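Asker: need a structure here:
(chains A and B)
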Amino acid sequence: MIDLEEELRSLHEAGFQWALHCTGGREQDAEDALQGAYEALLDGSAKFEGRSSFKSFLFGIVRNKARSLRRKKKVGRLVALDFADEPEVDPVGAKAMERAQRKAAIRQALQVLSPKQRDVLELVFYHDLTIEEAAQVMGVRLGTARTHYKRAKNAMYEQLTAGEFQWLKKTISS
Amino acid sequence: MAEEDDQFLRELYNQGHPNREVEPPDFDEVMSRARASTQRRPWQRRPVWMGAAAAAVVAAFLGFALLWPDLTLTDDEPDPSTVIAESVEPQWDDLEPAPAVESLAVEDQERWEELLEFADEIWEWESPTDFLL
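Answerer: Numbering: from 1, shown residues only, chains lettered A, B, ... in the order given. Model (predicted):
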């Protein structure tokens, strides 16, 4: 038996980050989706039966709540890591410049990915889930999630190591 | 893809993640809102009272449609169309029979004969203007 509140508290930040991803970076929608997930857990409409990790279970609920919010608001799916609404940071110094360039590079690389490919990268890279857990969150088969993951990495790598972004590999390695 | 490249992508993705600097809302605040929402009475939840209101409207409509004839026309009251027909229809039984010619006074008998002759003439007219001839 898990202590629901303690589990939720420990996953609150990660859950919110995932909700942000699912709502295209809209903070208010992300908060609503997270609250909706907590409500579902509190009123028993979503019951954890231990078939997966609690983290992937919670992420699955958050994803569904975000989707239902999006349907209600008739907001189309946006690029998951969309920087469009983010105010441009005035780069001061070399580090700020480099960070801004990395963000720009990732944004460009993610443009070529499908929504499912972006989801799987977000779950595996940013939230440290296994591909199996990511498949559970996304509601797809393990083989499908593996294929999305592999194609996403290849496409992103090609984008980032081609042309103007070749310098990135050097900065990461150093 | 080599392990090194895999790591490169992961680090790059995480370093450049746009949501890194976004602060999450206060956990206790979100949790208390969620609790308040689940503890609302059933009729305070929109889907429940909206469903009940819709059911009430449908029931009222059906009831009105089914009961309307009974509400407007009872067995004790005659059908309005019958009432009108009876009031317009002449009451033949109430008329007195015409008196026999023999019972009339002599003058009246003569006038009656003239009237009958004139009626016969009229009957023979071929056009309404014949009486001028």
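Asker: Excluding sequence neighbours, find me the nearest residue to residue A:60.
Answerer: Spatial nearest neighbour of residue A:60, excluding adjacent residues (C-beta to C-beta, 6 or more residues apart in numbering or on different chains): residue A:137 at 4.7 Å. All C-beta atoms are positioned from the backbone trio N, CA, C, and that covers glycine.
Asker: and that neighbour, how many neighbours does it have?
Answerer: Other residues lying near residue A:137 total 27 when counted by other C-beta atoms under 10 Å in any protein chain shown.
Asker: what sits against it?
Answerer: A:56, A:59, A:60, A:63, A:119, A:123, A:129 (C-beta atoms under 8 Å, 6 or more residues apart in numbering or on different chains).
Asker: interface residues of chain B facing chain A?
Answerer: Counting by C-beta under 8 Å from any C-beta of the partner chain, the residues of chain B close to chain A are B:1, B:5-6, B:8-19, B:22, B:24-25, B:27, B:30-31, B:33-35, B:37-38.
Asker: Show me the residues you listed that map onto helices.
Answerer: B:5-6, B:8-15, B:27, B:30-31, B:33-35, B:37-38 (DSSP state H).
Asker: could I get the contacts of residue A:137 as TSV with neighbour count, secondary structure and pLDDT?
Answerer: TSV is the format used below for those (neighbours: other C-beta atoms under 10 Å in any protein chain shown; DSSP: H, G, I helix; E, B strand; the rest coil; pLDDT from 0 to 100):
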residue	neighbour count	secondary structure	pLDDT
A:56	20	helix	91
A:59	29	helix	93
A:60	19	helix	92
A:63	21	helix	92
A:119	24	helix	92
A:123	27	helix	93
A:129	23	coil	93
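Asker: about what we covered before: for ChimeraX, what selects the buried ones among the residues of chain B next to chain A?
Answerer: Entered in ChimeraX, the line below selects the buried ones among these, by 16 or more other C-beta atoms under 10 Å in any protein chain shown:
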select /B:8,9,10,12,13,16,17,18,19,24,25,27,30,31,33,34,37,38
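Asker: got the domain boundaries for chain A?
Answerer: Following automatic domain parsing, chain A resolves into domains at A:4-73, A:94-173.
Asker: so of the ones you listed, which one's packed in deepest?
Answerer: Highest mean neighbour count among the domains of chain A (mean count of other C-beta atoms under 10 Å in any protein chain shown): domain A:4-73, with a mean of 19.
Asker: starting at the chain centroid, how far to it?
Answerer: 12 Å (C-alpha atoms, centre = their mean, to the nearest Å).
Asker: okay, and for chain B, where does confidence drop off?
Answerer: B:1-2, B:41-46, B:69-95, B:97-98, B:128-133 (pLDDT under 70).
Asker: quick one, helices of it?
Answerer: Assigned by DSSP H, chain B shows helices spanning B:3-15, B:27-38, B:46-72, B:80-88, B:106-124.
Asker: Quick one: those helices as a markdown table, columns for distance to residue B:99 too.
Answerer: Output for the helices of chain B, formatted as a markdown table (distance: least, C-beta to C-beta, whole Å):
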| stretch | distance to residue B:99 |
| --- | --- |
| helix B:3-15 | 123 |
| helix B:27-38 | 98 |
| helix B:46-72 | 50 |
| helix B:80-88 | 28 |
| helix B:106-124 | 10 |
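Asker: any idea of the pLDDT on the residue positioned nearest the centre of chain A?
Answerer: By C-alpha atoms, centre = their mean, chain A has its centre lying nearest to residue A:122, at 3.8 Å. For residue A:122, the pLDDT comes out at 91.
Asker: That one contacts residue A:25, correct?
Answerer: No: using C-beta atoms under 8 Å, residue A:122 is not in contact with residue A:25, being 11.9 Å away.
Asker: Can you give me the distance of residue A:64 to residue A:152?
Answerer: Separation of residue A:64 from residue A:152 (C-beta to C-beta, to the nearest Å): 22 Å.
Asker: got it, and residue A:49?
Answerer: According to C-beta to C-beta, residue A:49 and residue A:152 sit 30 Å apart.
Asker: What backbone torsions are found at the residue nearest to residue A:60?
Answerer: phi -60, psi -40 (degrees, to the nearest 10).
Asker: Likewise for residue A:19?
Answerer: According to degrees, to the nearest 10, residue A:19 has phi -60, psi -40.
Asker: so what's it scoring on pLDDT?
Answerer: In this model, residue A:19 carries a pLDDT of 93.
Asker: what secondary structure does the nearest residue to it once chain neighbours are set aside sit in?
Answerer: Among residues not flanking residue A:19 along the chain, residue A:30 sits closest, at 3.8 Å (C-beta to C-beta, 6+ apart). Of the three states, residue A:30 takes helix under DSSP: H, G, I helix; E, B strand; the rest coil.
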